[in-house]
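Asks: sequence below, structure please.
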Amino acid sequence: MNKQKQKLFKRSIRHSRVRSRISGSQQRPRLSVFKANRHIYAQLIDDESGKTLVAASSKGIKSKGKKTDLAKEVGKLIASQAAAKNIKMVKFDRGGFAYHGRIKALAEGARDGGLEF
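Replies: Numbering: from 1, shown residues only. Next up, the predicted model:
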């Protein structure tokens, strides 16, 4: 197994371990985060009905800057969209990624926007 496949495999194992403990509901959805090389994606998911309630990504943000700054903007964006749907409490799913850098910036942006977790 080459290094890239091994890295993806280990992340999927970490994500499945996190997902075994975290499940979203209508009252408290799961804030799922995915990080790619260029962009970062976040969505609020109701696992009971299997529906995505709110989604945001750095593709929709026109401002230029560092990736961590864009991640913080995505966090604020998803928090504002969640507030429009009367969602205040969420469960944070880091997606198998380490809680630092862009993942941490997105979480801080969501907290600044009014989400609680």
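Asks: for I22, phi and psi?
Replies: phi -110, psi 130 (degrees, to the nearest 10).
Asks: read off the pLDDT value for it.
Replies: Per-residue pLDDT puts I22 at 88.
Asks: pretty sure it sits against R94.
Replies: No. Between I22 and R94 there is no contact under Cβ atoms under 8 Å: 9.5 Å. Every residue, glycine included, has its C-beta placed from N, CA and C.
Asks: those two - which one has more neighbours?
Replies: Each of I22 and R94 has its neighbours counted (other Cβ atoms under 10 Å); R94 has more, 21 against 14.
Asks: and that one, what does it touch?
Replies: Each residue near R94 by Cβ atoms under 8 Å, 6 or more residues apart in numbering is listed here: V18, V33, I103.
Asks: what about it, distance to A84?
Replies: Distance, R94 to A84, by Cβ to Cβ, to the nearest Å: 24 Å.
Asks: this structure: strands as residue ranges?
Replies: 30-35, 40-46, 51-57, 91-93 (DSSP state E).
Asks: listing partners with orientation, what would you give for the second one?
Replies: If I follow you right, that is strand 40-46. Counting by DSSP bridges, the strands paired with strand 40-46 are strand 30-35 (antiparallel), strand 51-57 (antiparallel).
Asks: to E108, which of those strands lies closest?
Replies: Of all the strands paired with strand 40-46, strand 30-35 sits nearest to E108, with 12.3 Å by Cβ to Cβ.
Asks: the residue nearest the centre of the chain bridge partners, please.
Replies: Centroid-nearest residue in the chain: V33, 2.4 Å away (criterion: Cα atoms, centre = their mean). Under DSSP bridges, the beta-bridge partners of V33 are A42.
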